[in-house]
Structure formats: structure tokens, C-alpha cells
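In: after the sequence you'll find the predicted model.
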Amino acid sequence: MTSTAKPQPPTGGRAPHPEHLSHVIFITASAAMGGFLFGYDSSVINGAVEAIRSRYAIGSAALAQVIAIALIGCAIGAATAGRIADRIGRIRCMQISAALFTVSAVGSALPFDIYDLAVWRIIGGFAIGMASVIGPAYIAEVSPAAYRGRLGSFQQAAIVVGIAISQLVNFGILQLAGGDQRGRLLGLEAWQWMLGVMVVPALLYGMLTLAIPESPRYLISVGRTRRAKEVLAEVENKDIDLDARVAEIEHAMRREHTSRFRDLKGSRFYFLPIVWVGIGLSMFQQLVGINVAFYYSATLWQSVGINPSGSFFYSFTTSIVNIIGTVIAMVLVDRVGRKPLALTGSAGMAVALAFEAWAFSAPLVNGRLPSTEATVALVAAHVFVLFFALSWGVIVWVFLGEMFPNRIRAAALGVAAAAQWIANWAITASFPSLADWNLSGTYVIYTCFAVLSIPFMLVFVKETKGKTLEEMG
């Protein structure tokens, strides 16, 4: 097969408009439904925390483990998803994830005891971990280079919408149950309905996977070149030379083999430097404490004197701010680049977290923060989420989908995502105990990580804006 000079997206000016951009958006949005379930399942537990504590009479440490144990499943799912996707395809991997989400939702709504609930949460975590890897990888592989940043942002957009919808559903169920998380609704307690409703989007995700094509790179890897050309014709620009595009992908694939974990080993510090950069990005995204806002916000606000309905309301408004920030990132990611957004977000998060640390250092008066400190804490919490959403919330997923060479992309993405879930687990499992120790000191720790993310981004991370996946090595 002969090949002309490979087509390059323009680096300046406006890129040619894909002939079927609306179809590409549908494909991307369907794949990002896994991100919606990722956000929904991660955040829905926020509304059930106090009910689970009461139902099973457990303390803060045990409660934290029940909440965080799903993240162990996330790490395992993320670490294995790349290999699974390379063996059976991206679409099959999504379908397995959808099935696990469904099973987890039903089981979590109908647990026999606390240990049973923990098992169902691990299964749900495995599904989240798979979705966290396969979504960005698939989207990057079907997206035209000039639009990949914005389309890659769909994953994070879906995550934050899932978070917001879970909080809205929780609030609605709470109102139907008379404001009581353990109030009865049709024979079940309110918190059980909160966890069980996820079965609806899980089934929708499974159905959507039947309507989208397999990744052209996977199709070429298994010898289905004709079908790969058909998919490329659906998603690339109308003037694309399909033979040249396939030749470009085949040329890149001839230099590689199915990615394995041993391919990630470097001469120093075990992993290749680029893998460590991916791990660092993943860990910094979590170590700033973002998921405290989504796993524990209702409990946190109640602990400083806000009533349950108010705490659920503030959890929902935080989710709306999260969506706004994500939309800002989607608009800017391909215009200003990944690194400028990340640096802006790091600075904004550091300032907001510092104000939260100051506010929570005030002594409680009758179980409540003083008026000034309470206002500062609420405003700073929303500002923190805004700066995270318009930067690291989106940028990390875009970077992880783009930054690795083709020969190691799937395995490296799996390792980086697994590191993200381990860091998430560390923050989630430690927060209740740290908060009992010193809530202000906890936020000082998160502030330090936000500050440290700035030199990390400046020194170790390279811009990927406007490059094709094949140009990554």
C-alpha cells in the first residue's frame, strides 16, 4: 500500500470542519456515558454516608473504609482495562463495564449487611476504573486531531454532569422521604433508592455501546482494515485520504506491539520517565482533595452546623459550579493549550484551599462556624471546585489520552489511572480521621499539594495541543 505525505492538522488558524462532526459528537458522547456513570457512582454515596453510619452503627474509621473500598476496585479496573481493551476491543470493554455498573447498583441497593455492601461497591469500583481508562482512550482514537482536546473533554464533562445529577437525585429522594436519609419509600430506605437508581443510566450506557463503531486503531490491529476505513470516513475530515491515513496508523503500529506492563520499565526508577509524568498528573489531580467535596460535602457542612437539607443543597450547587468550570475548560483547551489552563487552575486552587484552611481554623460556636468564617468556607469551597474543573479536572484526562507513545498507550494509561485511584483512595480513606484530628490542618495539606503541582507542570509536562497521536512517539 502506497502512502502520500501524511495529512497534518493546521497548527494555526481554524482547522477544517469534519464532514460528520455531529456524528463524531454522538460517538464521543456515547463513550463518555461511562464517565457519567463514573461521576454518578463516585458521588451518589455522598447522600448515603450518614444513613449507612446509622444503619450499621459504625464509627468514622470503618465508615471511611466502606466509602473508600470502591476505589480499590477502581484501581484494579483501571490497571486491567487497557489489556482487556487490546484483546477484545474498546466496545466490548465498555459493555463489560456497563454490566458491572448494573449489577453493582442493584446489589448496593439491597445489601444484607455492611460487608455485603462493601463487595457491591468494589464491583462498582471495578466498573468505574474500566470506564476511566477506556473512555479517554477510545475518544482520543476516534477524534480528529484538531478537535481532540474538546472531544476529550467530554469525558470530564460527563463525569461532572453525573456528579450533579446524583446530587439532584439524592436531594429529590431526600425530600420524598421527609428529609430523612433513612425514611421509607416503597419498602426501602431513602439511601437504598439513592444507590439503586444508577441502574437506569447503566442500562442506557450498555445500549449506547451497540450504536457506536469500534476504534479504527483496534480494527487495524486485528486485520479489519476495510471496516477501519469505514469508521475513519465517519469521523475524519471530508478531504482525508483514507489510504494514507490507514498507512500512517499501520506505520505507527508496525513500530509497536501490544502494550504490556513490562514495556513501561525504564533504566531508572522502574518506569519510563513519561509514565512517571502520567502517574504524577494523576496523583496531583487527587491529592488536592477534590473528592472530599463530592464524597463528604454533605457530612462536612453538617459538621460545621448546616442542617441536612442545606448541606444537600450546597452539595448540589458545588456540582453546578463544577459543570460551569468544565464547560470553560472545553471551550479553552484547544485554544490556549493544556499547560496554561493547568497552571491557572493550580494557582486558583491553592488560594481557595488556603482560605478554607483559615476558615476551618475558627472555633465552633454552639456547633457552628462564626458567620464570617462560614461564608468564607462556602465561597472558597465553590471557588476551589471552579478552578479544579476548568483545569486539572479536564486537562489530566486530555493529557492521559494524548501524551503516551502508541506502543505503550494502553498499558501506560492503565498504570496512570490506577495511580489516580490509589491517590483517591488515600484521600477518601484518610479524610474522616484527619478531619477529626484537625480540619484546618487537613486543608493546609491539600493547599501544599496544589502549590507543588505548579513546578511539576512547568518542569515535567510537555504541551500536546494540536499533535496527532502518531506524533507522540
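Out: Done, it's in.

In: tell me where this protein has strands.
Out: Secondary structure of the chain (DSSP state E): strands at 184-185, 188-189.

In: redo those strands as a markdown table? Include mean pLDDT and mean neighbour count.
Out: Placement of C-beta: from N, CA and C, glycine included. Below are the strands of the chain laid out as a markdown table (pLDDT from 0 to 100; neighbours: other Cβ atoms under 10 Å):
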| stretch | mean pLDDT | mean neighbour count |
| --- | --- | --- |
| strand 184-185 | 86 | 12 |
| strand 188-189 | 89 | 18 |
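
In: now those strands as JSON lines including distance to residue 454?
Out: Converted to JSON lines, these look like this (distance: least, Cβ to Cβ, whole Å):
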{"stretch": "strand 184-185", "distance to residue 454": "47"}
{"stretch": "strand 188-189", "distance to residue 454": "45"}
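
In: out of the ones you listed, nearest to residue 131?
Out: strand 188-189 (26.4 Å; Cβ to Cβ).

In: touching the closest one from outside, list them.
Out: 51, 55, 109, 110, 177, 181, 182, 183, 196 (Cβ atoms under 8 Å, 6 or more residues apart in numbering).

In: mind listing the strands it pairs with, and their directions?
Out: strand 184-185 (antiparallel) (DSSP bridges).

In: pLDDT score assigned to residue 433?
Out: pLDDT for residue 433: 82.

In: also residue 127?
Out: Confidence at residue 127, expressed as pLDDT, is 92.

In: ok, it touching residue 108?
Out: No - assessed by Cβ atoms under 8 Å, residue 127 is found out of contact with residue 108, at 11.7 Å.

In: report the contact partners of residue 272.
Out: 264, 265, 266, 408, 412.

In: what's the answer for residue 91, then?
Out: 209, 212, 213, 214.

In: so in the protein, which helix runs the longest?
Out: helix 409-460 (DSSP state H).

In: and that helix, how far from the chain's centre?
Out: Relative to its chain's centre, helix 409-460 lies at 14 Å (Cα atoms, centre = their mean, to the nearest Å).

In: please apply the same query to stretch 315-325.
Out: Averaging C-alpha positions (Cα atoms, centre = their mean) puts stretch 315-325 15 Å from its chain's average.

In: pLDDT score assigned to residue 100?
Out: 95.

In: distance of the residue nearest to it when sequence neighbours are not counted relative to residue 99?
Out: In this structure, residue 100 finds its nearest non-sequential neighbour in residue 127, 3.7 Å apart by Cβ to Cβ, 6 or more residues apart in numbering. Counting by Cβ to Cβ, to the nearest Å, the gap from residue 127 to residue 99 is 8 Å.

In: neighbour count: those two, which is higher?
Out: residue 127 (29 against 15; other Cβ atoms under 10 Å).

In: contact partners for residue 161?
Out: Residues near residue 161 by Cβ under 8 Å, 6+ apart: 36, 39, 323.

In: which one of those is nearest residue 310?
Out: residue 323 (20.6 Å).

In: next, count neighbours for the closest residue to the closest one other than its chain neighbours.
Out: Setting aside the residues directly before and after it, residue 323 is nearest to residue 160 in space (Cβ to Cβ, 6+ apart), at 5.0 Å. Residues within reach of residue 160, counting by other Cβ under 10 Å, total 28.

In: and the pLDDT for residue 17?
Out: Taking residue 17 on its own, its pLDDT is 55.

In: roughly how far does residue 449 sit from residue 426?
Out: Distance from residue 449 to residue 426, by Cβ to Cβ: 11 Å.

In: could you give the mean pLDDT of stretch 232-243?
Out: In the prediction, stretch 232-243 has an average pLDDT of 75.

In: so which bits of that stretch are buried?
Out: 232, 234, 235, 236, 237, 240 (16 or more other Cβ atoms under 10 Å).

In: residues touching residue 156, list them.
Out: Residue 156 touches 35, 326, 329, 389, 393, 394, 397, counting by Cβ under 8 Å, 6+ apart.
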